[in-house]
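Asks: Dropping the sequence and predicted coords here.
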Amino acid sequence: MSDAVFQFVRLNNTYYAGSHGMDISTLSVYLYYGNHKHQARTIDEKGNDMVNFCPAQDFLPRIQTTKVMLQEITRGIKGAMVEDNKFCLSVHFRCVNEDNVGVLKEKVESAMKSYKDFRISEGKEV
């Protein structure tokens, strides 16, 4: 979890969750379950024992491979941008010429068909 989030909120007795629940941090004293393979213990800037829980960390290498593929297939479309949000990738088309948006969507959807454990969702110009 980003230290910037903790610095903004500054509450010690809470869980911090980001990336749609794929990245969770809390002080270790608030953790009620045992050792898990996706847990990592760290020490924050105040010396507090922190526990970070990332249940999707096993997907990170595959997400990075997918990012490279998406960057390659979108390279020829002016204005297209692939954003790495750690546990998800976003293909932005807000700066793409309206005539090319359909082509971009078709390329992304076609390329992602072979990634059965990933899904596409849409947002505003994403």
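Replies: Here it is on my side, so go on.

Asks: residue ranges of the helices in this structure, please?
Replies: Counting by DSSP state H, the chain has these helices, from start to end: 3-9, 60-74, 98-112.

Asks: Redo those helices as TSV? Include mean pLDDT.
Replies: Listed next are the helices of the chain as TSV, based on pLDDT from 0 to 100:
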stretch	mean pLDDT
helix 3-9	65
helix 60-74	95
helix 98-112	96
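
Asks: To Ile120, which of these lies closest?
Replies: Closest approach to Ile120 among the helices of the chain is made by helix 98-112 (5.8 Å; CB to CB). C-beta: built from backbone N, CA, C; applies to glycine.

Asks: who touches the closest one?
Replies: Contacting residues not belonging to helix 98-112 are listed as 69-70, 73-74, 77-80, 91, 93, 96, 118, 120 [CB atoms under 8 Å, 6 or more residues apart in numbering].

Asks: Could I get the buried residue list for that helix?
Replies: Asn100, Val101, Leu104, Lys107, Val108, Met112 (16 or more other CB atoms under 10 Å).

Asks: gap between the first one and Ser110?
Replies: Pointing back at Asn100 there. Between Asn100 and Ser110 the computed distance is 15 Å (CB to CB, to the nearest Å).

Asks: What of the second one?
Replies: Computed as CB to CB, the Val101 to Ser110 distance reads 15 Å.

Asks: Where does the record place the domain boundaries for the protein?
Replies: Domain assignment for the chain by automatic domain parsing gives 3-55, 59-112.

Asks: Who are the contact partners of Asp84?
Replies: Counting by CB under 8 Å, 6+ apart, Asp84 has contacts Ile63, Gln64, Lys67.
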